[in-house]
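Enquirer: pasting the sequence and the predicted model now:
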Amino acid sequence: MASLLIIKNLKVNIENKPILKGVNLQVPVGKVVALMGKNGSGKSTLSHVLMGSPEYKVVGGSVSLGGKNILHLSADERARLGIFLAFQYPYEIPGLSVYHFLQTAVQAVRGKKFNIEKFKQELKVAMSDLKLSENFLQRGLNEGFSGGEKKRMEILQLKLLRPRLAILDETDSGLDIDALKLVAVNVKKMVKQKMSVLVITHYQRLLNFLPPDQVHIMHEGRIVQSGQGSLVKKLEQQGYDWLERKN
């Protein structure tokens, strides 16, 4: 099974404090990989490092996407290469309309291949899939949005940008059951089109609707346990205490 994302012995510091202490992880093409762990284990740090946040310093290891080393690339270069990060807490930008933001983002990624009429058609379909009304496009980006609206906004971007790798950082946070199902259904459609997904979550409920092909558990900056869906059920039943005792 070919892997799109390959992380080898990744070590990351923030203000000289080790956060990631040798992460090894692969995400196969067209598969869903779940990354779980307690708060502070390094999950969100990993997502931001993959997207190219300058806040973190990589001090060892390698990360490749489709065989290309990405650690020297800026965040916008990684986006054009096909990486997308859905934030746990999306930013509010008053005065910037949803429509203008989406058009600018898609145009930046597609470059000369961008076609405004095609974009409008794709946007209309994506809005319908996510059950968003037309006036949603005129609102300020995430301004006054409910938790569910913010997360649907993230998936709307995902559908339009069509990345090779989608990193979903606690996308289930703050979602009711209907919104959760809607998000999962739309992500699964894209997985069928060979998009790879790294899902970062604490809980089983999103994974009930978006079943993972692989599950990895992070503890104190390392992957300490790997398996399949049954591992999620074990976590739900036993929590993380057994892992802490083991490690």
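Expert: Arrived safely, thanks for sending.

Enquirer: what lines up beside whatever helix or strand residue 18 lives in in the sheet?
Expert: Secondary-structure element containing residue 18, defined by DSSP states H and E: strand 17-28. The sheet places strand 17-28 alongside strand 3-14 (antiparallel), with pairing taken from DSSP bridges.

Enquirer: how far is the strand it pairs with from where the chain is centred?
Expert: Chain-centre distance of strand 3-14: 15 Å, with C-alpha atoms, centre = their mean, to the nearest Å.

Enquirer: buried residues, that strand. List them.
Expert: For strand 3-14, the neighbour count (16 or more other C-beta atoms under 10 Å) marks 3-5, 7, 10-12 as buried. For glycine as for every other residue, the C-beta is placed from the backbone atoms N, C-alpha and C.

Enquirer: contact partners of the strand holding residue 18?
Expert: 1-13, 33, 35, 42, 45-46, 49, 56, 60-61, 165, 196-198, 213-214, 216, 218, 220-223 (C-beta atoms under 8 Å, 6 or more residues apart in numbering).

Enquirer: using CSV, write out every CA atom in it.
Expert: Coordinates of each C-alpha in strand 17-28 appear next as CSV, following Å, rounded to 0.1, in the frame of the first residue of the first chain:
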residue,chain,number,x,y,z
LYS,A,17,11.4,22.5,25.0
PRO,A,18,11.0,19.1,23.3
ILE,A,19,7.4,18.5,22.2
LEU,A,20,7.7,15.8,19.5
LYS,A,21,10.3,13.2,20.5
GLY,A,22,10.7,11.0,17.5
VAL,A,23,7.3,10.6,15.7
ASN,A,24,7.1,7.8,13.1
LEU,A,25,3.8,7.8,11.1
GLN,A,26,2.6,7.0,7.6
VAL,A,27,-0.7,7.9,5.9
PRO,A,28,-1.5,5.7,2.8
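
Enquirer: avg pLDDT for that strand?
Expert: Predicted confidence along strand 17-28 averages 96 (mean pLDDT).

Enquirer: one more: stretch 55-63?
Expert: On average, stretch 55-63 scores 96.

Enquirer: using CSV, write out every CA atom in that stretch.
Expert: These are the backbone C-alpha positions of stretch 55-63, laid out as CSV (Å, rounded to 0.1, in the frame of the first residue of the first chain):
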residue,chain,number,x,y,z
GLU,A,55,6.2,28.7,15.8
TYR,A,56,7.8,25.3,16.0
LYS,A,57,11.5,24.3,15.4
VAL,A,58,12.2,21.0,13.7
VAL,A,59,15.4,19.6,15.2
GLY,A,60,15.4,16.1,13.7
GLY,A,61,13.8,13.7,11.3
SER,A,62,12.1,14.0,8.0
VAL,A,63,8.6,14.5,6.4
